[in-house]
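Q: give me the fold of what follows.
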Amino acid sequence: MRILERLLDEKEFLSPYGIRAVSARHATHKDLGYLPGVGNTHIEYLPGESDSGLFGGNSNWRGPIWMPCNFTLIQALEKFHRYLGNDFKIRVQAAGSAEFTLREIATLISERLVDIFRRDSEGRIPALPADSPFQNDPNWKDLLLFHEYFHADNGQGARRGAPDRLDRPGREPDYAALPQGYSGLLARTDENKPRARGRGGGLMLARTQPYGDGGFFPHWARRAIHLWCHGFDTALRVLGPSLDVYIRAWLAQHFFISGVLKAADWDHALALARYEYLVSWMDPVTASWTGVLIELIAPPLLLLGLATRATAASLMALALVIQFNYQALDLHLLWAAMLGWYVVRGAGSLSLDRILAAGLADSALPLASPLAKAAAWTSCTLEPIYRLLLRVWFAASLLAAGGCWIIPSR
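A: Below is the predicted model of the structure:
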């Protein structure tokens, strides 16, 4: 979050035409201090052509808009948005301190990149010099030059720094990452690849391939995969919150019914704790009271999505005690696995936690800010690890089940 706050600061990395390769802050703060083994170091923000002879003068990544870096950032933001969802938002100072989702941030950066090729209020294309025939000449004005670097303050394409290449990684960028209509800004011909044209380098783009750079799969297959992924993401966004409530209700009712039955016949529940379901490390009376209280209090809270992580942790511990002290069933392990997901991820958007969390981080309540940061850290750090463990567990279970079906018993 702190990295994005700096990236989206117009005094640092956010330019009117995308993300700068070097923070504009270094236009005045050039001294980096003394580094052991290097000596006194400094860095300077240069929005356009480099004034350094490093790398044969090809050192333009030290300030301008570098297209490969911007495309990579946009794709990363899109992927993280699919993971974190619409509830994860960042405050953007450049937009009047409004809160943006990661997808909206990706669109913000994309729109600024597109502005490099859009005609401005004066009818000029920022990417091209004012005297370029591509600005107004009837024979050239519908064609564009595409450089690797663009001036970070005025958007003009750089003439140095490998301007005859589309990007350094050696592949065509994924234009699907940009807003719809970007491809319409680019010149089209009957060929399906960019054509190098014009003096001073640069690429005149012919046609773009919005579903990748070719490869093994034909175009229709790449489009089908794209539509499938888009449809799945849409279904997950629409049905995900309702499915989350259903899973919480399904888990809660198992424990709550058990608690109600024990409370209704306390003597029988106490006898089972003493003679049938002994917990070696806890007194039977204490174990009975603890189990019943958890089963009566935690399920309603889990259903409402209030203090979800704490209630899920208590129910998960109870499920594991049932599994290893009372009766070993696959269902108990499934409960524990699903409750563990709520411990690391929290409840979905249809929960009191999400409603109350909107102003929790900025409130004056004790420990509000540390708790909010701890929850965010848990989601970002532990969730991928837990997701991987679940996949390994499910895969091993399927393999074991398949082995039982295939290998005959003797």
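
Q: middle-most residue in the protein, spatially?
A: Nearest to the mean C-alpha position of the chain, counting by C-alpha atoms, centre = their mean, stands residue 80 at 0.8 Å.

Q: that one: what secondary structure?
A: Residue 80 falls in the helix class when you classify it by DSSP: H, G, I helix; E, B strand; the rest coil.

Q: nearest spatial neighbour of it, chain-adjacent residues omitted?
A: residue 102 (5.2 Å; C-beta to C-beta, 6 or more residues apart in numbering). (Each C-beta comes from the backbone N, C-alpha and C, glycine too.)

Q: any idea how far the one you found is from residue 143?
A: As judged by C-beta to C-beta, to the nearest Å, residue 102 and residue 143 stand 34 Å apart.

Q: would you mind measuring from the residue sitting furthest away from the middle of the chain to residue 146?
A: For the chain, the largest distance from the centre (C-alpha atoms, centre = their mean) belongs to residue 267, which lies 52.2 Å off. Counting by C-beta to C-beta, the gap from residue 267 to residue 146 is 81 Å.

Q: give me the number of residues near residue 21?
A: Residues lying near residue 21 (other C-beta atoms under 10 Å) number 21.

Q: isn't it right up against residue 67?
A: No. Assessed by C-beta atoms under 8 Å, residue 21 is found out of contact with residue 67, at 10.4 Å.

Q: any regions of this structure where pLDDT drops low?
A: Within the chain, the ranges that satisfy pLDDT under 70 run 52-62, 159-217, 358-365, 403-410.

Q: helices of that one, residue ranges please.
A: 2-7, 67-84, 102-114, 133-136, 219-264, 266-275, 284-304, 308-321, 330-345, 352-357, 368-377, 383-406 (DSSP state H).

Q: grab the nearest non-local neighbour of residue 93.
A: Residue 93 sits nearest to residue 9 (C-beta to C-beta, 6+ apart), 6.1 Å away.

Q: my read is that the one you found contacts residue 91, right?
A: No. With contact defined as C-beta under 8 Å, residue 9 does not reach residue 91; the gap is 11.0 Å.

Q: distance to residue 44 for the helices of the chain - can I get that in TSV?
A: Below are the helices of the chain laid out as TSV (distance: least, C-beta to C-beta, whole Å):
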stretch	distance to residue 44
helix 2-7	18
helix 67-84	18
helix 102-114	23
helix 133-136	31
helix 219-264	42
helix 266-275	73
helix 284-304	56
helix 308-321	47
helix 330-345	44
helix 352-357	42
helix 368-377	35
helix 383-406	38
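
Q: how about those, which one is nearest residue 39?
A: helix 2-7 (26.7 Å; C-beta to C-beta).

Q: neighbouring contacts of the closest one?
A: Contacting residues not belonging to helix 2-7 are listed as 12-14, 19, 23, 73, 90-91, 93, 105 [C-beta atoms under 8 Å, 6 or more residues apart in numbering].

Q: do stretch 15-34 as well
A: Residues outside stretch 15-34 that contact it (C-beta under 8 Å, 6+ apart) are 6-7, 11-14, 40-47, 61-66, 69-70, 73, 109, 112-113, 115-116, 126, 150-155.

Q: now those residues: which count as buried?
A: Using 16 or more other C-beta atoms under 10 Å as the burial test, the contacts of stretch 15-34 include 7, 12-14, 45-47, 61-66, 69-70, 73, 109, 112-113, 115-116, 126, 150-153, 155 as buried.

Q: coming back round to it: now distance to residue 275 too, for the contacts of helix 2-7, in CSV please.
A: Output for those, formatted as CSV (distance: C-beta to C-beta, whole Å):
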residue, distance to residue 275
12, 69
13, 68
14, 69
19, 68
23, 70
73, 63
90, 57
91, 59
93, 66
105, 61
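
Q: would you mind measuring from residue 30 to residue 22?
A: When residue 30 is compared with residue 22 (using C-beta to C-beta), they lie 11 Å apart.

Q: comparing the two, which residue is more hemmed in?
A: Ranked by neighbour count (other C-beta under 10 Å), residue 30 and residue 22 place residue 22 first, with 20 against 12.

Q: next one: the more buried one from residue 72, what distance?
A: Residue 22 is 16 Å from residue 72, by C-beta to C-beta.

Q: before we move on, what about residue 381?
A: 22 Å.

Q: when these two are compared, which one has more neighbours?
A: Per other C-beta under 10 Å, whichever of residue 381 and residue 72 has more neighbours is residue 72, with 16 against 11.

Q: residue 41 - nearest residue in space that isn't next to it in sequence?
A: Using C-beta to C-beta, 6+ apart, the closest residue to residue 41 is residue 32 (4.4 Å).

Q: now do residue 277
A: residue 326 (4.5 Å).

Q: so that neighbour versus residue 68, what's the distance?
A: Counting by C-beta to C-beta - residue 326 and residue 68 are separated by 58 Å.

Q: using CSV, write out every CA atom in stretch 3-13.
A: C-alpha atoms of stretch 3-13 as CSV (Å, rounded to 0.1, in the frame of the first residue of the first chain):
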residue,chain,number,x,y,z
ILE,A,3,4.5,1.6,-2.5
LEU,A,4,1.3,2.4,-4.4
GLU,A,5,0.8,5.7,-2.4
ARG,A,6,4.2,6.8,-3.7
LEU,A,7,3.6,5.5,-7.2
LEU,A,8,0.3,7.5,-7.4
ASP,A,9,1.8,10.7,-6.1
GLU,A,10,2.1,13.2,-8.9
LYS,A,11,5.1,14.8,-7.1
GLU,A,12,6.9,11.5,-7.4
PHE,A,13,6.1,8.7,-9.9
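
Q: run the chain-centre distance for that stretch.
A: 18 Å (C-alpha atoms, centre = their mean, to the nearest Å).

Q: now do stretch 128-141
A: 40 Å.

Q: quick one: contacts of it?
A: Counting by C-beta under 8 Å, 6+ apart, 124-125, 143-145, 156-157, 198 sit against stretch 128-141.

Q: now these: which count as buried?
A: 125, 143-145, 156-157, 198.

Q: reformat those as TSV; add distance to residue 137.
A: Putting the buried ones among the contacts of stretch 128-141 into TSV (distance: C-beta to C-beta, whole Å) gives the following:
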residue	distance to residue 137
125	12
143	10
144	13
145	13
156	18
157	17
198	12
